[in-house]
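A.B. asks: Got a sequence here, can you model it:
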Amino acid sequence: MKKIITIYSFIVLILSAKLLSAQTQVTFDTTKGNFVATMEQVKRPITTTNFLGLVNAKFYDGIIFHRVIAGFMIQGGDPTGTGFGGSGITIVDELTPLVSNLQKTIAMAKTSAPNSATSQFFINLVNNTFLDPNYSAFGTVITNFTVVQTIGVVPTTGASGNPADKPLVDVVMDSIRVTLNPTGIYDMGSA
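C.D. replies: Numbering: from 1, shown residues only. From the prediction side, this is the model:
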């Protein structure tokens with residue numbers, strides 16, 4: 001009987017550790033396909049709470065990826081589609097502990113001013129560690145990164161000399177939804 005209790009306790013411990021280490025996942029449905037990303041709630045609580053609150057409010061529904069630079073990143077989250085809009089609420093930069101801007105990571109976009117991030121974000125197509133001192137990475141694409149890469153090579157106005165690097169044909173985020181919320185702690189509203 002003691003052996004069964006020990007085994008049962010070990011299984012409960014393993015399952016609890018898995019649950020505690022589980023991260024919220026969001027699914028991006030775009031006109032180029034879908035992909036899933038995990039959030040870094042422990043290391044980026046302010047940034048992820050802001051992002052997940054916007055996701056739950058359906059803020060990103062219908063917004064385009066307004067800036068695409070092949071071999072660098074794709075950027076979206078501006079409701080105006082110009083690169084100058086946002087949610088209207090700024091958040092502080094969370095730069096420590098380090099979550100590096102590696103390929104597949106999602107980071108907050110902002111102006112050159114500190115603490116100016118709102119709703120715009122970018123997904124790194126390559127390792128961009130030189131961004132680490134100024135841009136908070138807060139998630140990682142874990143499935144279908146090929147969709148992100150496909151978006152990353154769409155023809156843009158930047159190829160014609162326009163520095164905006166806006167896709168010639170809109171790439172739309174039809175929706176972003178929380179698809180795994182292991183604890184429910186970061187539920188900022190109804191879906």
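
A.B. asks: Just the CA trace of stretch 119-129, in PDB.
C.D. replies: C-alpha atoms of stretch 119-129 as PDB (Å, rounded to 0.1, in the frame of the first residue of the first chain):
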ATOM      1  CA  SER A 119      -0.900  46.900 -29.100                       C
ATOM      2  CA  GLN A 120       1.600  46.500 -32.000                       C
ATOM      3  CA  PHE A 121       3.800  43.400 -32.000                       C
ATOM      4  CA  PHE A 122       6.300  41.700 -34.300                       C
ATOM      5  CA  ILE A 123       7.300  38.200 -35.000                       C
ATOM      6  CA  ASN A 124      11.000  37.600 -35.600                       C
ATOM      7  CA  LEU A 125      11.800  35.700 -38.800                       C
ATOM      8  CA  VAL A 126      15.400  35.300 -37.800                       C
ATOM      9  CA  ASN A 127      17.500  35.800 -34.600                       C
ATOM     10  CA  ASN A 128      17.400  39.500 -33.800                       C
ATOM     11  CA  THR A 129      19.200  39.600 -30.500                       C
END
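
A.B. asks: Quick one: the helices in the chain, in order.
C.D. replies: For the chain, the helices defined by DSSP state H cover 2-21, 45-56, 145-151.

A.B. asks: Lowest average pLDDT across the ones you listed?
C.D. replies: When the helices of the chain are ranked by mean pLDDT, helix 2-21 comes last with a mean of 50.

A.B. asks: mind checking how far Ser87 is from Ile106?
C.D. replies: To Ile106, Ser87 is 16 Å away according to CB to CB, to the nearest Å. (Each C-beta comes from the backbone N, C-alpha and C, glycine too.)

A.B. asks: Look up how far Gly152 lies from Gly86.
C.D. replies: Counting by CB to CB - Gly86 and Gly152 are separated by 22 Å.

A.B. asks: Also Met73?
C.D. replies: In terms of CB to CB, Met73 sits 8 Å off from Gly152.

A.B. asks: Overlap in contacts, these two.
C.D. replies: Shared contacts of Met73 and Gly152 (CB atoms under 8 Å, 6 or more residues apart in numbering): Leu125.

A.B. asks: which of the two has more neighbours?
C.D. replies: Between Met73 and Gly152, Met73 has the larger neighbour count (other CB atoms under 10 Å), namely 27 against 22.
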